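J.: A structural model of the following input is requested.
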Amino acid sequence: MFKPAGIPARALDEVVMTLDEFEALRLADPEGQYQEQAAERMGVSRSTFGRILDSARRKVAEVLIGGKALRIEGGPVHLEPQGRFRCRRCALLWEGMVREAAECPRCHTRDECPESVDAETDIHRPGEGRRRMGKAKTRSGGPVRLPEEKPG
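T.: Next up, the predicted model:
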């Protein structure tokens, strides 16, 4: 359950979101997939996906604007490991499911992108084993340098 901080859940009205609505939001917003791609992944038509997504967004707005609690229901949820990835082509850094990291959300390159960024010296490409010895190197042989993230 997601709720405003400092208010007991029993004192709040509750909005219930289905797992399909939650998945539609996840595919469309943080992952930035087009509705056609996301609908295919969910196994529904594009128009059905659009209706599910609209319903989910209305519920999120109702929760945020009305100060209500949000409960997600519909069965057991199995979350896959999350990872941080950096695109070799456009340098975008993003978080996502490990199995879905085959395509950069910005430039849509696949082969050389993305790299998993677990730590500055631990670079891992999906489908390859982790490097166990030494530091990661660029193609030119020098160490990989990742820009520092600014606190914010």
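J.: A5: neighbour count?
T.: Neighbourhood size, A5 [other CB atoms under 10 Å]: 4. For the C-beta atoms, the positions are set from N, CA and C on the backbone; glycine is no exception.
J.: ok, the one 10 residues further on next?
T.: Other residues near V15 come to 18 when the count uses other CB under 10 Å.
J.: that one and A61 touch, don't they?
T.: No: assessed by CB atoms under 8 Å, V15 is found out of contact with A61, at 9.8 Å.
J.: break this structure down into its structural domains.
T.: 9-73, 82-124 (automatic domain parsing).
J.: need the strands for this protein, in chain order.
T.: All strands of the chain, identified by DSSP state E, fall at 14-18, 69-73, 82-86, 93-97, 115-119, 122-124.
J.: could you tell me the least trusted of those?
T.: Lowest mean pLDDT within those: strand 122-124, a mean of 44.
J.: go ahead and confirm V63 touches F2.
T.: Yes: judged on CB under 8 Å, V63 makes contact with F2 at a distance of 7.3 Å.
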